[in-house]
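Peer 1: I would like the atomic coordinates for the input below:
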Amino acid sequence: MDLSLIVFAGFYPPARRAIQYADALAQAVAGRLVLLHINRASQFDPYESVAERYHQQELARKSDMAAILYQQAGRLQTPASLEVVTDLLPAVAQDLARRYQPALFVLSQADEGAPAATTLLTSCVDILRGGSYPLLVVSAAAPARHPPCRILIAADRESFMLAPAAQALRPLLALPGAEVMVAHISSGVEDDEGCALALRAVQASGLVQGLPTPELRGYQHESHVQGVLAAALDMRADLVVVVARQRSYLSDLFHRSVTANLLHTCPVPVLVLPAAAPEPAPEAPGMAMAAGYANTVLTGLLPAS
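Peer 2: This next block holds a predicted model:
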């Protein structure tokens with residue numbers, strides 16, 4: 001099934017750059033493009049408590065803008081469809097991911113000095129990460145006409161498995177001429193064992209299956225964000241890949257705030273891949289027997305009915 005790149009569209013330079021970058025990626029992986037235009041992003045529907053006609057009126061006002069976007073889509077190298085909504089809501093993201101699966105959401109990094117755009121980006125990222133959808137944030141300096149060729153995976157000691165939604169993204173790492181590298185960031189000490197475990201975690205996830213063994217480098221920095229940025233600069237990476245775990249509070253590198261900071265500041269595009277939810281640990285037989293025995297004893301202590 002072809003990969004669908006759902007790119008947040010607009011007429012200003014950051015959005016135009018994201019569209020061009022997504023167009024180049026779609027050509028490289030034989031995917032398809034979906035241009036998505038929104039006015040806002042929210043966890044809650046702002047029209048839920050008002051008459052539906054107000055929502056329809058706002059949609060009607062977007063008709064001219066939609067027509068211009070449709071014309072621009074015709075000038076892209078990849079055939080593109082258009083989706084116009086007033087608000088990106090969790091339910092809207094879910095519907096888009098269901099209809100265009102497998103789907104990668106592509107956003108533009110906000111320009112400095114544009115607080116409204118920064119707030120919108122943060123809201124969109126929160127909704128997409130909350131739904132465990134793969135997302136790509138395109139930086140201002142990204143070469144819009146060329147797919148990435150030096151891909152840096154930031155990894156730590158903890159193993160992970162890719163969520164089903166992220167499995168379709170593996171072809172991006174196997175593009176012709178692409179080189180994949182792994183960086184491990186440590187704080188306070190040099191951690192060669194951690195570097196080896198980070199590479200093992202990436203390989204065990206299947207993310208680089210069928211590819212040459214990635215080059216591995218360790219970097220020491222008190223700030224994990226600055227460590228990743230230093231690694232990207234040193235290794236001349238043009239794409240940084242990070243994993244979003246549901247248990248990210250166990251990892252400094254993949255903590256939500258660290259990833260959010262990286263998305264806003266990284267000078268190269270950042271691809272966030274959702275990890276699969278960890279399976280619950282099986283209950284030990286001894287604990288189950290003890291629980292059953294305790295339940296029997298307590299039942300015997302209850303007064304007869």
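
Peer 1: So what touches the strand ranked longest in the chain?
Peer 2: Counting by DSSP state E, the longest strand found in the chain is strand 179-186. Residues outside strand 179-186 that contact it (Cβ atoms under 8 Å, 6 or more residues apart in numbering): 149-157, 173, 191, 194-195, 198-199, 202, 208, 211-212, 214-221, 224, 227-228, 231-232, 235, 237, 253. Any C-beta I mention is one placed from the backbone N, CA and C, and that applies to glycine too.

Peer 1: what does stretch 192-204 give?
Peer 2: Applying Cβ under 8 Å, 6+ apart, the set of residues contacting stretch 192-204 from outside is 153, 155-160, 182, 184, 186, 208, 213-214, 216-218.

Peer 1: buried sites along that stretch?
Peer 2: Of the residues in stretch 192-204, 194-195, 197-199, 201-203 count as buried by neighbour count, 16 or more other Cβ atoms under 10 Å.

Peer 1: again with stretch 75-93
Peer 2: Within stretch 75-93, the residues that count as buried by 16+ other Cβ under 10 Å are 76, 78, 80, 82-90, 92-93.

Peer 1: Tell me which of those fall in strands.
Peer 2: Counting by DSSP E, the part of the buried residues of stretch 75-93 found in strands is 80, 82-84, 87-88.

Peer 1: So which of those is the closest to residue 22?
Peer 2: residue 80 (9.1 Å; Cβ to Cβ).

Peer 1: Could you list the low-confidence segments of the stretch 201-305 of the chain?
Peer 2: 246-256, 278-305 (pLDDT under 70).

Peer 1: For residue 13, state which of the buried residues of stretch 192-204 is nearest.
Peer 2: Here the nearest of the buried residues of stretch 192-204 to residue 13, counting by Cβ to Cβ, is residue 202; it sits at 34.0 Å.

Peer 1: what helix or strand is the closest one on?
Peer 2: helix 192-204 (DSSP states H and E).

Peer 1: does residue 35 sit in a helix, a strand or a coil?
Peer 2: The three-state assignment at residue 35 reads strand, by DSSP: H, G, I helix; E, B strand; the rest coil.

Peer 1: how about the helices of the stretch 51-200 of the chain, start to end?
Peer 2: Along the stretch 51-200 of the chain, counting by DSSP state H, counting those that start in this stretch, helices occupy 52-61, 63-73, 90-99, 115-130, 164-167, 192-204.

Peer 1: In the first one, which residues are buried?
Peer 2: Within helix 52-61, the residues that qualify as buried by neighbour count (16+ other Cβ under 10 Å) are residue 55.

Peer 1: repeat for the fourth one
Peer 2: Residues of helix 115-130 classed as buried: 117, 120-121, 123-129 (neighbour count, 16+ other Cβ under 10 Å).

Peer 1: which of the residues you listed lies closest to residue 62?
Peer 2: Of the buried residues of helix 115-130, the one sitting nearest to residue 62 (Cβ to Cβ) turns out to be residue 120, at 16.0 Å.

Peer 1: on that earlier part again, out of the ones in strands among the buried residues of stretch 75-93, which is nearest to residue 50?
Peer 2: The shortest approach to residue 50 among those belongs to residue 87, at 12.8 Å (Cβ to Cβ).

Peer 1: Show me what that closest one is bridged to.
Peer 2: Partner residues in beta bridges with residue 87, using DSSP bridges, are residue 40.

Peer 1: Check the gap between it and residue 61 for me.
Peer 2: From residue 87 across to residue 61, the span is 14 Å (Cβ to Cβ, to the nearest Å).

Peer 1: List the contacts of residue 273.
Peer 2: Shown in contact with residue 273 (Cβ under 8 Å, 6+ apart): 134, 162-163, 166, 169, 207, 241-244.
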